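Trainee: Sequence first, predicted model second:
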Amino acid sequence: MSTYFAPDSIAWKIHADPSLVVGGIRALLEQGLHPGAMAGVAAHSNFREDSWGRLTRTGEYVALVTYEEREVVDMAAKHVRDVHERLGLSDPHLLLWVHASMVDAFLDNARRSGMPITDADADQYLAEMVTFAKLVGIPEVDVPASVNELAQYMKDIYPELIASEEAKKTAVFLLFPPMPKLVRFITPATPLWAGVATLAGASLPDWARNLYGWPSIPGQNIATDISLRTFRNASMRLPQFLRESPLTKKAREKANEKVAK
């Protein structure tokens, strides 16, 4: 067996970086701006009752597809497709929006956080992430595979986007998600999460912030970029075992073993 993404892929680089924490929350805020996608979440999801769990499971799925063996990934992707089909959430148009807004958030936040990513790297990342889209049932021909294609897609879909009341309520839950009591009262997770989520909201592109009706001040993007870099630099000083997911650590160890042989 082998993985879909090699250790030297841009997907490995971005998905193992601390900036993904902020990018992941931003992705959810972006995704909520499509009324069709938001309606599906509201009708068939327990996001509000278990927003903490859903957030962590989303991160786990991204890590699984990035680092696990293809056989494991294929099984997980089939489960996701089956759930989407059962809940009536398999519309390729809406799935493409969810995918595109995710990669837009991941890539933009990584670059603004100071990760060294060239223009060629950015295009390569978009090309690699076509695999993510195909795994959930999106036709390959529809998936933006370069930065220019993604920018055009965002321009084309903009007229469909709106910050519905449901989207605004969900944004509040992202800022202050219900957490397990032990996490909420024994750890600093609640204030830390609120800080990171606020940074994610600030990192949204201007058009998305405007749709939400969130105020912007002169120089805000510069201040946000400084905050993103500060967050990443501080996170990079943590021991590797504290800033890596178990799947990332497992994949890195496997890769090192193969090099050693």
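Mentor: Here it is on my side, so go on. Because the structure is a prediction, the values reported are computed rather than measured.

Trainee: hang on, Glu166 packs against Ala37?
Mentor: No - at 10.5 Å, Glu166 does not count as touching Ala37 under the criterion of CB atoms under 8 Å. (C-beta placed from N, C-alpha, C; glycine too.)

Trainee: quick one, which of these two is more surrounded?
Mentor: Ala37 (23 against 15; other CB atoms under 10 Å).

Trainee: what separates the more buried one from Val196, distance-wise?
Mentor: If you measure Ala37 against Val196 using CB to CB, to the nearest Å, the figure is 23 Å.

Trainee: Check Gly32 too.
Mentor: Applying CB to CB to Gly32 and Val196 gives a distance of 17 Å.

Trainee: Neighbour count: those two, which is higher?
Mentor: Taking Gly32 and Val196 together and counting by other CB under 10 Å, Gly32 has the greater number of neighbours (27 against 16).

Trainee: Pull out the buried positions in the strand or helix carrying Ala120.
Mentor: Following DSSP states H and E, one finds Ala120 within helix 119-128. Buried positions in helix 119-128, judged by neighbour count with 16 or more other CB atoms under 10 Å: Asp121, Ala122, Asp123, Gln124, Tyr125, Leu126, Ala127, Glu128.

Trainee: Please identify which of those is nearest to Gln220.
Mentor: Ala122 (23.2 Å; CB to CB).

Trainee: my guess is that closest one meets Arg111, correct?
Mentor: Yes - in terms of CB under 8 Å, Ala122 counts as a neighbour of Arg111; the distance is 7.2 Å.

Trainee: can you give me the helices for the stretch 51-200 of the chain?
Mentor: In chain order, the stretch 51-200 of the chain shows helices spanning 51-67, 70-86, 92-112, 119-128, 130-135, 147-157, 165-175, 181-186, 189-202, with DSSP state H, counting those that start in this stretch as the criterion.

Trainee: Show me what the mean pLDDT comes to for the first one.
Mentor: If you average the pLDDT over helix 51-67, you get 80.

Trainee: now swap in stretch 85-101 and tell me
Mentor: For stretch 85-101, the mean per-residue pLDDT is 90.

Trainee: From one end of it to the other, what's the distance?
Mentor: End-to-end distance for stretch 85-101: 21 Å, by CA to CA, to the nearest Å.

Trainee: contacts for that stretch?
Mentor: 27, 30-31, 33-34, 36-37, 40, 44, 81, 83-84, 129, 132-133, 136-139, 142-144, 150, 153-154, 157 (CB atoms under 8 Å, 6 or more residues apart in numbering).

Trainee: counting contacts, what elements does the helix holding Ala120 pack onto?
Mentor: Based on contacts counted as 3 or more CB pairs under 8 Å, 6 or more residues apart in numbering; DSSP states H and E, the elements that helix 119-128 packs against are helix 10-15, helix 92-112, helix 147-157.

Trainee: among those, which is nearest Leu228?
Mentor: helix 92-112 (5.1 Å).
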